[in-house]
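Participant: Sequence unavailable; structure follows:
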Ligand SMILES: [Mn+2]
């Protein structure tokens, strides 16, 4: 990785004698050899010797021959701090991390994916945070390593969650912008990316480790961040600590079996931690993916209650508290919503927005995948309302402009109703005094971005096709 730290981060001086010693825990399963070697070499090169005392490589029962005894021999010669721990059966990422934490001897544990590399000075800023605060989980700023780009600077974003429990990233909300400059100040974050997590080892165990009944992988980073915040701790991103992570690139797809396991993990986390908000998650997953995945159910053997006990033991707050205090910028869909979120045009990839004249407008969605822009959420609900921020979208009968109502939206306002095709991309249909019409993005020559208007419906016209972030299927309620 090139050194992508800000000037102020580079100038920071840490008193390493006050910092805790570290056990790194890197589980691996059939990792590429070069990737794993680079991981270990990069760790050794960029971590001060007196701080990084232990590198635990926990092999989750890999089957590839090059990860066998020869590799262990190589590591033995390379550095005595490296220990290879072998699972005798496949345990999955979550239990493998717990196995690593139990084997670890130092004061701080850092869980890493084995396909990561490290920037100069990545370790000290993380440890510096853990000196004064014990109930803290910290994450470095994770940068994408891909075949195309290596360690390009990327803005520091907060991790959150999508209502379908996909990872969702948020720009720093305005209420934090004054207190936190993204350059070098640690930022509270609602969630974790999941590939690099540091905390004091005793806190890891006191705070409920990881949920050992999460199989394979998936959901554990949500579980840990919900639990930490709700049970009196705090989660932070430390921007001066930069690490690179290799994300799998398309056309990589999970097997159906893996997808079902990941879905079950997510349902489990929602069931245990999200109180009544879990219904939103279940409905969003049904709405998006029911055709693709099997909807899980839970039995006594799943030990939901056993895990839920932790909330009592640790006297944890509710998920409602978490939403209000930790991630207030995430909109909460109404349980009447059929479609919710950002509304993107199939033809132009612009998203619906609201102009300063309170009219329906557009904004360019030049955002990386998974990044959420909370200001532009819309809802179409079961009562035919098309809503933004409690205000109705309606068409002015004089000017035919699409506007937002001045008052809060009620059912049947402006004698019109809205609906949406249940397709991936579908028409947003208006029915009212002007007849039956479809919302379209009329594109003009750049740099103008055009406008939205109602047109006669035409399924072949792609500028009449839109997609909401979420589509809900509430039928289980
Ligand atoms: Mn990873």
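Facilitator: It's in. Values in this document were obtained by computation on a predicted structure and should not be read as measured data. Residues are numbered from 1 along each chain as shown.
Participant: residue contacts, residue 56?
Facilitator: Applying Cβ atoms under 8 Å, 6 or more residues apart in numbering, one finds that residue 56 lies in contact with 23-26, 83, 85, 100, 103-104. Just so you know, the C-beta spots here come from the backbone N, C-alpha and C atoms, and that holds for glycine as well.
Participant: Let me have those residues in a markdown table, extended by neighbour count.
Facilitator: A markdown table is the format used below for the contacts of residue 56 (neighbours: other Cβ atoms under 10 Å):
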| residue | neighbour count |
| --- | --- |
| 23 | 23 |
| 24 | 27 |
| 25 | 26 |
| 26 | 25 |
| 83 | 18 |
| 85 | 16 |
| 100 | 23 |
| 103 | 14 |
| 104 | 21 |
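Participant: Now for residue 42, how many residues are close by?
Facilitator: Around residue 42 sit 18 other residues, with neighbours defined as other Cβ atoms under 10 Å.
Participant: hang on, it packs against residue 115?
Facilitator: No. Assessed by Cβ atoms under 8 Å, residue 42 is found out of contact with residue 115, at 11.0 Å.
Participant: hey, what's in contact with both of the two?
Facilitator: Taking Cβ under 8 Å, 6+ apart as the contact rule, residue 42 and residue 115 have no neighbour in common.
Participant: Can you tell me which of the contacts of residue 56 comes closest to the ion?
Facilitator: Distance ranking of those against the ion, using Cβ to the ion, places residue 26 first at 10.7 Å.
Participant: is the closest one in a bridge, and if so with what?
Facilitator: The residues paired with residue 26 through beta bridges, assigned by DSSP bridges, are residue 57.
Participant: Low-confidence regions, the stretch 351-477 of the chain specifically.
Facilitator: Segments of the stretch 351-477 of the chain classed as low confidence (criterion: pLDDT under 70) are 366-370, 374, 423-424, 476-477.
Participant: of all of the stretch 1-150 of the chain, which residue lies closest to the ion?
Facilitator: Shortest the stretch 1-150 of the chain-to-the ion distance, computed as Cβ to the ion: residue-wise this is residue 113, at 3.7 Å.
Participant: Run the chain-centre distance for the helix ranked longest in the chain.
Facilitator: For the chain, the longest helix by residue count, based on DSSP state H, is helix 256-273. Helix 256-273 has its average C-alpha position 15 Å from the chain's average C-alpha position, going by Cα atoms, centre = their mean, to the nearest Å.
Participant: packing partners for that helix?
Facilitator: In this structure, helix 256-273 packs against helix 220-230, helix 278-289, helix 304-313, with contacts taken as 3 or more Cβ pairs under 8 Å, 6 or more residues apart in numbering; DSSP states H and E.
Participant: again, only this time at 10 Å
Facilitator: Using 3 or more Cβ pairs under 10 Å, 6 or more residues apart in numbering; DSSP states H and E as the contact criterion, the neighbours of helix 256-273 among helices and strands are helix 92-103, strand 158-161, helix 220-230, helix 278-289, helix 304-313, helix 319-325.
Participant: Report the rounded mean pLDDT for the helix or strand just after the last one.
Facilitator: The reference is to helix 319-325. Towards the C-terminus, the helix or strand next in line after helix 319-325, according to DSSP states H and E, is strand 337-345. Looking at strand 337-345 alone, the average pLDDT works out to 94.
Participant: Now do strand 337-345 against helix 278-289: the angle between them, please.
Facilitator: Strand 337-345 and helix 278-289 meet at an angle of 50 degrees, taking axes from the mean of the first three to the mean of the last three Cα atoms, to 10 degrees as the criterion.
Participant: burial count for the closest residue to residue 267 other than its chain neighbours?
Facilitator: Spatial nearest neighbour of residue 267, chain neighbours left out: residue 296 (4.9 Å); criterion: Cβ to Cβ, 6 or more residues apart in numbering. Residue 296 has 17 neighbouring residues, counting by other Cβ under 10 Å.
Participant: Surely residue 296 touches residue 286?
Facilitator: No. Applying Cβ atoms under 10 Å as the test, residue 296 and residue 286 come out as separate, 11.4 Å apart.
Participant: which residues of this protein score low on pLDDT?
Facilitator: Counting by pLDDT under 70, the ranges of the chain that qualify are 146-154, 182, 249-253, 366-370, 374, 423-424, 476-477.
Participant: What parts of it come near the ion?
Facilitator: Within the chain, the positions lying close to the ion (Cβ under 5 Å from the ion) are 113, 195.
Participant: Please give the centre-to-centre distance between the longest strand anywhere in the chain and its chain.
Facilitator: Among the elements of type strand in the chain, defined by DSSP state E, the one spanning the most residues is strand 234-246. Going by Cα atoms, centre = their mean, the spacing between the C-alpha centre of strand 234-246 and its chain's C-alpha centre is 14 Å.
Participant: which residue of the protein sits farthest from its center?
Facilitator: The centre of the chain is farthest from one residue, residue 398, which by Cα atoms, centre = their mean lies 44.2 Å away.
Participant: That residue looks like it's in a helix, true?
Facilitator: No. Using DSSP: H, G, I helix; E, B strand; the rest coil, the assignment for residue 398 is coil, not a helix.
Participant: need the helices and strands packed on helix 256-273 in a markdown table with distance to residue 30, can you?
Facilitator: Supplementary listing: the helices and strands packed on helix 256-273 in a markdown table, determined by distance: least, Cβ to Cβ, whole Å:
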| stretch | distance to residue 30 |
| --- | --- |
| helix 92-103 | 13 |
| strand 158-161 | 27 |
| helix 220-230 | 19 |
| helix 278-289 | 27 |
| helix 304-313 | 29 |
| helix 319-325 | 36 |
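Participant: returning to what we had before: in the longest helix of the chain, what counts as buried?
Facilitator: If you call a residue buried by 16 or more other Cβ atoms under 10 Å, then helix 256-273 has these buried ones: 259-273.
Participant: ok, now stretch 195-213?
Facilitator: Buried, per 16+ other Cβ under 10 Å, within stretch 195-213: 195-201, 203-204, 207-213.
Participant: Repeat that for stretch 440-447.
Facilitator: Within stretch 440-447, the residues that count as buried by 16+ other Cβ under 10 Å are 440-441, 443.
Participant: Looking at those, spot the one nearest residue 160.
Facilitator: The shortest distance between residue 160 and any of those, using Cβ to Cβ, involves residue 441 and amounts to 27.6 Å.
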